[in-house]
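*Asks:* Quick one, structure for this:
(2 chains)
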Amino acid sequence: MRIFDPHIHMTSRTTDDYERMAAAGVRAVVEPAFWLGQPRTGVGSFTDYFDSLVGWEPFRAGQFGVRHHATVALNPKEANDPRCRPVLDVLPRYLEKDGVVAVGEIGYDAMTPEEDDVFAAQLALAVAHDLPALVHTPHRDKARGVERSLAVVAESGIEPGRVVLDHLNEVTVELVRHTGCWLGFSIYPDTKMSPPRMVELLKAYGTERVLVNSAADWGRSDPLLTRATGEAMLLAGFTDDDVDRVLWRNPVEFYGQSGRLDLGDVDAPGATFAGNSILRGGS
Amino acid sequence: MTPDRLRDALRGVPDPDWLATALRRVAAEPGEIARFFPAAGRRCGRDELPDLPGWTADEAARALLLAALPTDHAAQADALYRTGDAAEKRAVLKALPLLPVGTAGVPLLHDAIRTNDTRLVAAALGPYARHLDPAAWRQAVLKCVFTGVPLAVVADLDARADGELAAMLAALAAERAAAGRTMPADATDLLDRLRAGADTGPKEA
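*Replies:* Residues are numbered from 1 along each chain as shown, chains lettered A, B, ... in the order given. Below is the predicted model:
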């Protein structure tokens, strides 16, 4: 089973995770820029973080045979802090980087006027830099957040097929599935979606324009739940080809719209990783 | 390395017109380099150049872009390094010996050597590393041994390696032996050569 996790915050994960992911079949990841738990107070914190997403983290992933790409944005939560707003001014230079395959995570947290402005401004950046957009949907008041996100996306003029609305569930999937946008689902140990519930949604709605991710971060989460979802699909009667479509070809198609996905030798169906340990310097 | 050799080696890239246009634009309007520099990998490829071992197409193209600047090479190299992703930083480091920057690029070497990205450490130890002071250079060589970077990447290795580096390597070898671990063969070979040289008297600077 070859797996492309289209949303995982590897910055918060250990090398043990990379080893286990590679062993489970994860060969490619996209790491969206998001909140780090501790609020940031200035642009420098963001540029160091973005630099890591296009520098150190891809190197670290490469030690385990995992191809790493990123999405870059000012996240909706920190969009509310005026000290972070100038992050918008440094985004254009990151949106030209080879490893940046979308603008994201953008969208809503508490649906404030500040979030409205920053969301719209970053959809315009996606259009200007010819990149797809990854839209985080809010955890509170989710259904209304999804509806409002769809309205902002429509108003921006970005092509819906270049947008994924993420963290959907049984309730919100209905709002998105006829819009032309991609459907993103995050599989979590407790919250969001679980593998069995994901399988039920795939049975009901099919595998087209569906992205399944672990969204693993610094909270309670599990980078192997993509694999668990693939196995649950097989047990439920889906074919190997269905699983490959959901866990590999769909994310390749979505992020491939950036023209910047570089999967090199990791996308061959029979490729395996020889095994390595991260080089630990003496510094 | 010279710009002409880089240009010759890049003749077979997928989009040579893009590079030719970019070089003309940068020569006329230096500020444009910020736009072309990150795109070089997508336009010229990232594989090693068959005619230029040790150089990838994106590195060579970016080095040419820097060399095409009419002025302010040091400031531009610094800015492109500071705002670059890992591949862009590596290209700046490799371009430094081709540019009229004097010793202005040394802080970039220090930055690269501080990282644990072995590709950056290796790129910092090319010919331009002659501007590193001996202490920083020895630390960098030892870091290569620590992190598994082949010593073949270090320019002027034998000419510069001295008794102090030999002592540092010997101490590392002793630590490794005590832990039941081995040294990379190229480091052991270097230590052997330094000891043999010391036996036959001091070598010339």
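
*Asks:* use CA for all of it now, contacts and neighbours both
*Replies:* Noted.

*Asks:* where does the stretch 151-283 of chain A have low pLDDT?
*Replies:* Within the stretch 151-283 of chain A, the ranges that satisfy pLDDT under 70 run A:267-283.

*Asks:* And the strands in it?
*Replies:* In the stretch 151-283 of chain A, the strands defined using DSSP state E, counting those that start in this stretch lie at A:163-166, A:182-186, A:210-213.

*Asks:* any chance of the ones you listed in a markdown table, plus mean neighbour count and distance to A:Val135?
*Replies:* A markdown table is the format used below for the strands of the stretch 151-283 of chain A (neighbours: other CA atoms under 10 Å in any protein chain shown; distance: least, CA to CA, whole Å):
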| stretch | mean neighbour count | distance to A:Val135 |
| --- | --- | --- |
| strand A:163-166 | 26 | 5 |
| strand A:182-186 | 25 | 9 |
| strand A:210-213 | 28 | 13 |
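
*Asks:* wait, which of these is closest to chain B?
*Replies:* Between chain B and the strands of the stretch 151-283 of chain A, the tightest spacing by CA to the nearest CA is seen for strand A:163-166, at 22.7 Å.

*Asks:* what's the burial count for A:Asp17?
*Replies:* Other residues within reach of A:Asp17, judged by other CA atoms under 10 Å in any protein chain shown, total 15.

*Asks:* That one and A:Pro223 touch, don't they?
*Replies:* Yes - when contacts are counted by CA atoms under 8 Å, A:Asp17 is listed as touching A:Pro223 (7.1 Å).

*Asks:* what about the helices in the stretch 1-150 of chain A?
*Replies:* A:15-24, A:43-53, A:56-62, A:87-94, A:113-128, A:142-156 (DSSP state H, counting those that start in this stretch).

*Asks:* and these as a markdown table, adding distance to chain B?
*Replies:* Converted to a markdown table, the helices of the stretch 1-150 of chain A look like this (distance: least, CA to the nearest CA, whole Å):
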| stretch | distance to chain B |
| --- | --- |
| helix A:15-24 | 15 |
| helix A:43-53 | 7 |
| helix A:56-62 | 7 |
| helix A:87-94 | 8 |
| helix A:113-128 | 14 |
| helix A:142-156 | 25 |
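
*Asks:* okay, those, which one's buried deepest?
*Replies:* The highest mean neighbour count among those, using mean count of other CA atoms under 10 Å in any protein chain shown, belongs to helix A:56-62: a mean of 21.

*Asks:* for that one, what is the average pLDDT?
*Replies:* Mean pLDDT, helix A:56-62: 96.

*Asks:* Tell me which other helices or strands that helix touches.
*Replies:* With contacts taken as 3 or more CA pairs under 8 Å, 6 or more residues apart in numbering or on different chains; DSSP states H and E, helix A:56-62 sits against strand A:67-72.

*Asks:* ok, which residues in chain B are in contact with chain A?
*Replies:* B:35, B:38-39, B:41-42, B:83-86, B:114, B:116-117, B:143, B:146-148 (CA under 8 Å from any CA of the partner chain).

*Asks:* so which pair among these is furthest apart in space?
*Replies:* For the residues of chain B next to chain A, the farthest-apart pair by CA to CA is B:Arg35 and B:Phe146; their separation is 36.6 Å.

*Asks:* Which one's more surrounded, those two?
*Replies:* The neighbour count for B:Arg35 versus B:Phe146, taken as other CA under 10 Å, is higher for B:Phe146 (18 against 13).

*Asks:* hang on, the more buried one in a strand?
*Replies:* No - looking at B:Phe146 with DSSP: H, G, I helix; E, B strand; the rest coil, it is helix, so not inside a strand.

*Asks:* now it: how far from B:Val121?
*Replies:* Noted for B:Phe146: a distance of 11 Å to B:Val121, by CA to CA, to the nearest Å.

*Asks:* Kindly report the same for B:Leu169.
*Replies:* As judged by CA to CA, B:Leu169 and B:Val121 stand 18 Å apart.

*Asks:* And the pLDDT at the spatially most central residue of chain B?
*Replies:* Taking CA atoms, centre = their mean as the criterion, B:Ala123 is the residue nearest the geometric centre of chain B, at 2.4 Å. Looking at B:Ala123, its pLDDT stands at 97.
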